[in-house]
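# could you work out the structure for the sequence below:
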Amino acid sequence: MPDAPPDPGNYAVSAPWQGASGQSFGQSSGGYVGGFVGTPSRGRGRAVLIVIGIVLVIAAIGFAAWRLSRPPANNDGRAIDNVEVTPNNGGAYVVTVPGGLADPEDVEFRVIDPGAGDPVGADDDVTISTDYSGWYDQIEITLNPTETLSYGAEVTMPRDDLIDAVGDDVPDLREGMILLVAAPEAYFVNVAPQLEVNSSSAQLVLILIVES
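Coordinates of the predicted model:
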């Protein structure tokens, strides 16, 4: 005689355990699926946003470097004529070399203030005050025309020596005149030592004619 089938009543079928909320554990509940916490699509979205942010930062840096490396379209003529010079309220001048402007191959000068004092005679000596800087792209440098005068280091020389230092085509000199002179590195030390600008890196020199 064949064995009788098992009696279902002898086997207990356990239902999923329910918490206080009434939700059965073991069932899918959105935040807990197959042992993984969280929604996978959110993680992928964050990763995409991070990658996009990195790409944008790299692009911005590259664009800024490209802009800085481009010489401005209006840098024509002599270098000294393209240097920006603005007086400040302290009697000094803010000097800025535009980005991409090459430094001069020879000495160049520019009259910043024609002066209102007496003309300098052909045989006169002149006393000058100076301040100087290197050639720095897009950096504002403040030059004070009375810098050396303020601490008793003004220089006196024959008028012709000053003309030799700044260029033969200099206009008629007079007391109170202010000149901005640009030159290659080491020019003021080796070629125009009479100005007593004792720095080989000096390429911009502001000169005030104090008296004659």
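# break the chain into its domains for me.
Annotated domains of the chain cover 16-70, 79-211 [automatic domain parsing].
# number of nearby residues for the closest residue to residue 114 other than its chain neighbours?
Spatial nearest neighbour of residue 114, chain neighbours left out: residue 177 (6.0 Å); criterion: C-beta to C-beta, 6 or more residues apart in numbering. Glycine gets a C-beta too; all of them are placed from N, C-alpha and C. The tally of other residues near residue 177 (other C-beta atoms under 10 Å) stands at 25.
# same question for residue 90.
8.
# before we move on, which element is it in?
Element membership for residue 90 (DSSP states H and E) is empty, with no helix or strand holding it.
# rewinding a little: who's in contact with the residue nearest to residue 114?
By C-beta atoms under 8 Å, 6 or more residues apart in numbering, residue 177 lies in contact with 111, 113, 114, 115, 117, 208, 209.
# which pair of these spans the longest distance?
Spatial extent of the contacts of residue 177 (C-beta to C-beta) is set by the pair 111 and 117 at 14.2 Å.
# on that earlier part again, pick the most deeply packed of the domains of the chain.
domain 79-211 (a mean of 17; mean count of other C-beta atoms under 10 Å).
# first-to-last residue distance for it?
The first and final residues of domain 79-211 sit 29 Å from each other (C-alpha to C-alpha, to the nearest Å).
# cool, stretch 142-152 as well?
End-to-end for stretch 142-152, by C-alpha to C-alpha: 20 Å.
# do you have the strands of this structure handy? List them.
Counting by DSSP state E, one finds strands in the chain at the ranges 32-33, 36-37, 84-87, 93-96, 108-113, 125-133, 141-143, 155-158, 178-182, 204-211.
# can I get those strands in a markdown table including mean pLDDT?
Listed next are those as a markdown table, based on pLDDT from 0 to 100:
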| stretch | mean pLDDT |
| --- | --- |
| strand 32-33 | 46 |
| strand 36-37 | 48 |
| strand 84-87 | 95 |
| strand 93-96 | 96 |
| strand 108-113 | 95 |
| strand 125-133 | 96 |
| strand 141-143 | 96 |
| strand 155-158 | 96 |
| strand 178-182 | 97 |
| strand 204-211 | 96 |
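# include distance to residue 52 when you put these into CSV, please.
Below are those laid out as CSV (distance: least, C-beta to C-beta, whole Å):
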stretch, distance to residue 52
strand 32-33, 28
strand 36-37, 25
strand 84-87, 39
strand 93-96, 37
strand 108-113, 49
strand 125-133, 43
strand 141-143, 40
strand 155-158, 61
strand 178-182, 46
strand 204-211, 45
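# once you drop chain neighbours, what's closest to residue 203?
residue 135 (4.2 Å).
# next, give phi and psi for the one you found.
phi -100, psi 100 (degrees, to the nearest 10).
# tell me the pLDDT of it.
Note on residue 135: pLDDT of 96.
# surely it and residue 96 touch.
No. Using C-beta atoms under 8 Å, residue 135 is not in contact with residue 96; the gap is 11.2 Å.
# confidence-wise, which of the domains of the chain is weakest overall?
Per-stretch mean pLDDT for these is lowest at domain 16-70 (a mean of 59).
# tell me the bridge partners for the closest residue to residue 145 other than its chain neighbours.
Distances taken as C-beta to C-beta, 6+ apart place residue 208 nearest to residue 145, at 3.8 Å, with adjacent residues excluded. Beta-bridge partners for residue 208, by DSSP bridges, are residue 129, residue 178.
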